[in-house]
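> everything below, folded, please.
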Amino acid sequence: MKLKKTGLILQVRTGSTRLPNKIFKLLNGYPIIEYISERVKQIKADCELIIATTDKKQDDPIEYFAKKNNISYFRGSEDNVLERYYLTAKKFNINNIIRLTGDNPFLEADFVDLLLNFHILGNYDFSTNKGEYGSNAPIGTGMSIISFSALEKSYKNAITKYEKEHVIPYILDNKNKFNFGIHKIETLKQDFSNIALTIDTQEDFDKMENIAKQLNITPENYVSVYKIISNLKI
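Model (predicted):
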């Protein structure tokens, strides 16, 4: 089966209210955005990373990072994230969009490959392996894939502010209009969905910093989520 063009769209901005400039905070000596961009390189599938940030001047450093690291980027609305995603996917001709956020430094390449295979074989409009759907994935390691047609339908039909501020609420509220797939990560032998490997607050950052230092995780020293969770006290 011929794969359609796949893109990982990373939505990031510096204006986080809970943890400002989070994407450039140094985790074990390296900025979070560098962890994500380097871990993407471990994905086996043919897919392109695209950074989608805002058109605000305060996010110029994100554009600079993208240019410096030869990463494609798009700048759009700060508040209408759905529009930003849609225009990014349209500009780069992406048919299957893997949604990434700047909260999650420990992107697991294996989870991406497994989900993408599931998404393509099932011909889904939307597929996810997030822990809250029963995939067993720790919080901050699950993700979703959206077909361009589903993203376009969401963009054209979303009405509320909440639907536009986020990317997937319209799809979640209208599951009957989409081919919706939930992927259980069979390589995770037990439920780890109660473990958080995400960064929303300073407390979260401190926890991830401790993990990164204990396991000597850096952008270039890839440590899988499997190894991370096996070293955590459950």
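
> give me the secondary structure label for Lys44.
Per DSSP: H, G, I helix; E, B strand; the rest coil, the secondary structure class of Lys44 is coil.

> and for it, the neighbour number?
A count of nearby residues for Lys44, using other Cβ atoms under 10 Å, gives 11. Bear in mind the C-beta positions are built from the backbone N, C-alpha and C, glycine included.

> do the same with Asn231
Per other Cβ under 10 Å, the neighbour tally for Asn231 reads 11.

> what's it in contact with, if anything?
Contact partners of Asn231, counting by Cβ atoms under 8 Å, 6 or more residues apart in numbering, are 214-215.

> Asn157 too?
Contacts of Asn157 by Cβ under 8 Å, 6+ apart are Tyr170.

> and the one 10 residues further on, by the same measure?
With contact set as Cβ under 8 Å, 6+ apart, Val167 has these partners: 11, 81-82, 85, 99, 146, 151, 154.

> where do the strands of the protein begin and end?
6-11, 26-27, 30-31, 47-54, 72-76, 96-101, 126-128, 144-147, 180-182 (DSSP state E).

> ok, and what's touching stretch 63-70?
31, 33, 37, 51, 53, 71-73, 75.

> can I get those residues in JSON lines with neighbour count?
As requested, the contacts of stretch 63-70 are exported to JSON lines (neighbours: other Cβ atoms under 10 Å):
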{"residue": "Pro31", "neighbour count": "19"}
{"residue": "Ile33", "neighbour count": "24"}
{"residue": "Ser37", "neighbour count": "21"}
{"residue": "Ile51", "neighbour count": "27"}
{"residue": "Thr53", "neighbour count": "27"}
{"residue": "Ile71", "neighbour count": "18"}
{"residue": "Ser72", "neighbour count": "16"}
{"residue": "Tyr73", "neighbour count": "20"}
{"residue": "Arg75", "neighbour count": "19"}
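
> for Leu114, state which of the residues you listed is nearest.
Ser37 (20.8 Å; Cβ to Cβ).

> any idea how far the closest one is from Leu27?
Applying Cβ to Cβ, to the nearest Å, the value for Ser37 to Leu27 is 13 Å.

> and if you look at His166?
25 Å.

> those two: which has the busier surroundings?
Remark: of His166 and Leu27, Leu27 carries more neighbours, 21 against 15, as counted by other Cβ under 10 Å.

> report the beta-bridge partners for the more buried one.
Beta-bridge partners for Leu27, by DSSP bridges, are Tyr30.

> can you pull up the most central residue in this protein?
Leu100 (1.4 Å; Cα atoms, centre = their mean).
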